[in-house]
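1. here are the coordinates; sequence isn't available:
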């Protein structure tokens with residue numbers, strides 16, 4: 001369609017721009033503007049994943065799983081010392097988080113010699129509009 005970024009640097013520039021706009025929106029009382037700017041930031045992040053050849057939904061699911069595993073490790077470490085996370089200070093939680101990050105490595109589910117499946121087709125780009133009551137599909141653009 002000709003509206004994609006040519007380089008990843010252009011996307012990083014746009015991420016900085018959207019982050020700045022969100023900071024401005026956070027200083028204003030209008031909550032809908034904040035939501036709009038968070039949406040814009042997420043939209044650019046999705047486009048970054050797409051540009052790099054990743055399915056954004058799969059990448060997010062992997063991040064959620066990683067967070068869940070780390071959090072479970074934190075809970076287990078706290079329990080081994082006879083504590084619950086709710087009892088710990090922010091500094092103590094940070095120590096547990098750092099330990100969980102070092103210990104949590106997501107391992108590949110296949111061996112390097114296994115046949116590599118073809119890359120997933122990038123899903124169509126869906127343009128949505130929010131009218132205050134909900135999201136509405138405006139247009140679907142194919143990603144051929």
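-> It's in. In this text the structure is predicted, and so the values were computed from the model without any measurement.
2. would you list every one of the helices in the chain?
-> 8-26, 31-51, 56-80, 90-103 (DSSP state H).
3. can you tell me which of these is packed in deepest?
-> For the helices of the chain, the largest average neighbour count (mean count of other C-beta atoms under 10 Å) is found in helix 31-51, namely a mean of 16. Bear in mind the C-beta positions are built from the backbone N, C-alpha and C, glycine included.
4. quick one: that one to helix 56-80, angle?
-> 110 degrees (axes from the mean of the first three to the mean of the last three C-alpha atoms, to 10 degrees).
5. quick check: mean pLDDT of stretch 98-115?
-> Averaging pLDDT along stretch 98-115 yields 58.
6. wait, stretch 41-52
-> Averaged over stretch 41-52, pLDDT sits at 93.
7. contacting residues around residue 22?
-> The contact partners of residue 22, taken as C-beta atoms under 8 Å, 6 or more residues apart in numbering, are 34, 37, 38, 40, 41.
8. next up, the contacts around residue 18.
-> Neighbouring residues of residue 18 by C-beta under 8 Å, 6+ apart: 37, 40, 41, 44.
9. spatially nearest residue to it, not counting backbone neighbours?
-> Spatial nearest neighbour of residue 18, chain neighbours left out: residue 41 (4.4 Å); criterion: C-beta to C-beta, 6 or more residues apart in numbering.
10. check contacts around the one you found.
-> Residues in contact with residue 41 (C-beta under 8 Å, 6+ apart) are 15, 18, 19, 22.
11. distance to residue 49 added to the contacts of residue 22, as CSV?
-> Below are the contacts of residue 22 laid out as CSV (distance: C-beta to C-beta, whole Å):
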residue, distance to residue 49
34, 23
37, 19
38, 17
40, 15
41, 13
